[in-house]
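Chemist: Based on what follows, work out the 3D shape:
(one chain, ligands or ions: 1)
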Amino acid sequence: MNTSDLYFKRLKETDTDVDLILGKELNRQQNQIELIASENIASLSTLNAQGSVMTNKYAEGYPGRRYYGGCEFVDEAEELALKRVKELFNCKFANLQPHSGAQANQAVFLALLQPHDTILGMSLASGGHLTHGAKPNMSGKWFNAIQYGVKKDGNDKDLIDYDEVEELAEKHRPKMIIAGASAYPRVIDWKKFREIANKIDAYLLVDMAHYSGLVAAKEYPNPIDYSDIVTSTTHKTLRGARSAMILTNNEEIIKKINSAVFPGLQGGPLMHVMAAKAVTFGEALKPEFRNYIKNVVSNAKILAEVLVERGFRIVTGGTDSHIVWLDLSPKNLTGDKAEKILEEVGIACNKNAIPYDPNPPKITSGLRFGTPAATSRGFNNEDFRIVGNMIGDVLDALLENDEKQQMVSKKIRESVISLCSKYPIYKEPY
Ligand SMILES: Cc1ncc(COP(=O)(O)O)c(C=O)c1O
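Modeler: Numbering: from 1, shown residues only. As a prediction, the model looks like this:
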């Protein structure tokens, strides 16, 4: 039986309410330029696997060691996903069962730390992630979380302050150092982190959630040889199923991670997502994925260049990745206001604090842009030049009177729709 025949036409017939909502979301995605750096457009094959019969299957345990019968085919899916992910990231061991990036990090903490241990991670304000020790997160509540940041000024302004990382490590002697970030657009020096961790005999966790697609395409350094554990989501630059993974080359560590994920933290793994992850890794192993990631990075560089031409400052002065981190302060604008007006014209992005931001987190002085989703639908360098100028026009108009502002917004909304119509997010019937 061809399984895809089973799903796609059904919903329309059985639940028009949900079908309508899904249709509205599809149209939103089609008619907006998606610049949220953590989002992407998964392939129809990934959606197909994720919406499959494996939804029905409980499979607590690991391949060949399950607590349920009938697991022979889900075992095949997990084994295949494991084989592919190890090839993709050149690693010896993997756990593909965490449901999300946050849970993957929790599993690492559960495996290797005790409550109240000291951890050292990058602060949210410098571009780090919530789960790296931020106060409102479990990582900040259950551990003694020390935070490093980026340089405030000088030639290295906005770049990770490795001297500070080293000083804090020597002073607080954390059991684990966490490297990786959510807004930091530059290459992170994994080797330097390893050297610091070695000095104090700490574990090094690299959370490459944002960069994993770039790593898979060999366009960003692979942290696997420098770290004890690597975590990542699978749906950002990796363009796959909404999920996560944990990688390591250390057999002792993988044993602890496996028991931390199940039964420590989770029950049954999501086997439909496992099948979708196998598809994701298969896609990322193809040469086309490498071309895609090269385009992601070159589009980000063009976007940064145009925004500088338009009088904005780019945090860190540019980008080595898919992220463009915009400082709105030269124009006296806030992230909050800029995000809203861009959303109105059909450009989706998120407000983001800039380092040493004088504005509170709900307002911010910055925006974070990312090129993975628009590049997936086919946007090229020329399109990103246009997008950069659209952003410039809309934000500059915020400094004009209401009438001028509305006129510009209307014109840009039309241009957004026209550009989007050139690039259907799904080329086959959905
Ligand atoms: C660096 C990093 N780690 C972890 C996560 C959490 O992933 P999830 O939203 O799947 O829990 C994110 C999500 O944005 C992230 O950027």
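Chemist: what's Phe384 in contact with, if anything?
Modeler: Shown in contact with Phe384 (CB atoms under 8 Å, 6 or more residues apart in numbering): Asn299, Ile302, Leu303, Val306, Thr371, Ala374. Where you see a C-beta, it was placed from the backbone N, CA and C, and this is true even at glycine.
Chemist: element containing it?
Modeler: Using DSSP states H and E, Phe384 falls within helix 381-397.
Chemist: Keeping just the C-alphas, turn that helix into PDB.
Modeler: The C-alpha trace of helix 381-397 is given here as PDB (Å, rounded to 0.1, in the frame of the first residue of the first chain):
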ATOM      1  CA  ASN A 381      20.900  36.700  -3.500                       C
ATOM      2  CA  GLU A 382      19.000  39.200  -5.700                       C
ATOM      3  CA  ASP A 383      15.800  38.400  -3.800                       C
ATOM      4  CA  PHE A 384      17.500  39.000  -0.500                       C
ATOM      5  CA  ARG A 385      18.800  42.300  -1.700                       C
ATOM      6  CA  ILE A 386      15.200  43.200  -2.400                       C
ATOM      7  CA  VAL A 387      14.100  41.900   1.000                       C
ATOM      8  CA  GLY A 388      16.800  43.900   2.700                       C
ATOM      9  CA  ASN A 389      15.600  47.100   1.000                       C
ATOM     10  CA  MET A 390      12.000  46.300   1.800                       C
ATOM     11  CA  ILE A 391      13.000  46.100   5.500                       C
ATOM     12  CA  GLY A 392      14.900  49.300   5.200                       C
ATOM     13  CA  ASP A 393      11.900  51.100   3.500                       C
ATOM     14  CA  VAL A 394       9.400  49.900   6.100                       C
ATOM     15  CA  LEU A 395      11.600  50.700   9.100                       C
ATOM     16  CA  ASP A 396      12.600  54.100   7.700                       C
ATOM     17  CA  ALA A 397       9.000  54.900   7.200                       C
END
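Chemist: Please identify the buried residues of stretch 61-69?
Modeler: Gly61, Tyr62, Pro63, Arg66 (16 or more other CB atoms under 10 Å).
Chemist: Out of the residues you listed, flag the one nearest to the ligand.
Modeler: Closest to the ligand out of those is Tyr62 (21.4 Å), distances taken as CB to the nearest ligand atom.
Chemist: got the contact list for that closest one?
Modeler: Contacts of Tyr62 by CB under 8 Å, 6+ apart are Glu78, Asn258, Phe262.
Chemist: Quick check: phi and psi on it?
Modeler: Torsion angles at Tyr62 (phi, psi; degrees, to the nearest 10) stand at phi -130, psi 160.
Chemist: who's in contact with the residue of the chain found nearest the ligand?
Modeler: At 2.4 Å from the ligand, Gly101 is the closest residue in the chain, using CB to the nearest ligand atom. Gly101 makes contact with His129, Thr131, Asp207, Ala209, Thr231, Ser232, Thr233, Ala244, according to CB under 8 Å, 6+ apart.
Chemist: The same query, at a cut-off of 6 Å, please.
Modeler: Applying CB atoms under 6 Å, 6 or more residues apart in numbering, we find Gly101 in contact with Ala209, Thr233, Ala244.
Chemist: Could you check how far it is from Asn350?
Modeler: Gly101 sits 16 Å away from Asn350, going by CB to CB, to the nearest Å.
Chemist: coming back round to it: and the ligand, which of the contacts of Gly101 contact it?
Modeler: Among these, the residues that sit close to the ligand (CB under 6 Å from any ligand atom) are Ala209, Thr233, Ala244.
Chemist: Which ones among those lie within strands?
Modeler: Members of the ones next to the ligand among the contacts of Gly101 lying in strands (criterion: DSSP state E): Thr233, Ala244.
Chemist: As TSV, the ones next to the ligand among the contacts of Gly101 with pLDDT would be great.
Modeler: As requested, these are exported to TSV (pLDDT from 0 to 100):
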residue	pLDDT
Ala209	98
Thr233	98
Ala244	98
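Chemist: which one of the ones next to the ligand among the contacts of Gly101 is nearest Thr364?
Modeler: Minimum distance to Thr364 across the ones next to the ligand among the contacts of Gly101 is 20.8 Å, recorded for Ala209 (CB to CB).
Chemist: related to what we said a few turns ago, looking at the buried residues of stretch 61-69, which is nearest Thr334?
Modeler: Closest approach to Thr334 among the buried residues of stretch 61-69 (CB to CB): Tyr62, at 48.4 Å.
Chemist: Could you give the bridge partners of the closest one?
Modeler: Arg65 (DSSP bridges).
Chemist: Let me see the ranges of the helices in the stretch 151-300 of the chain.
Modeler: In the stretch 151-300 of the chain, the helices defined using DSSP state H, counting those that start in this stretch lie at 162-172, 190-200, 212-216, 251-259, 271-284, 287-309.
Chemist: Next, see if the shortest one gets close to the ligand.
Modeler: It refers to helix 212-216. No. Helix 212-216 stays clear of the ligand (CB under 6 Å from any ligand atom), getting no nearer than 9.7 Å.
Chemist: residues making contact with that helix?
Modeler: Leu88, Met208, Tyr220, Asn222, Ser232, Thr237, Leu238, Ala284, Ile293, Ser321.
Chemist: By neighbours, which of those wins?
Modeler: Comparing these by number of neighbours (other CB atoms under 10 Å), Thr237 comes first, having 35 neighbours.
Chemist: for it, what are its contacts?
Modeler: Residues in contact with Thr237 (CB under 6 Å, 6+ apart) are Gly213, Leu214, His322, Pro372.
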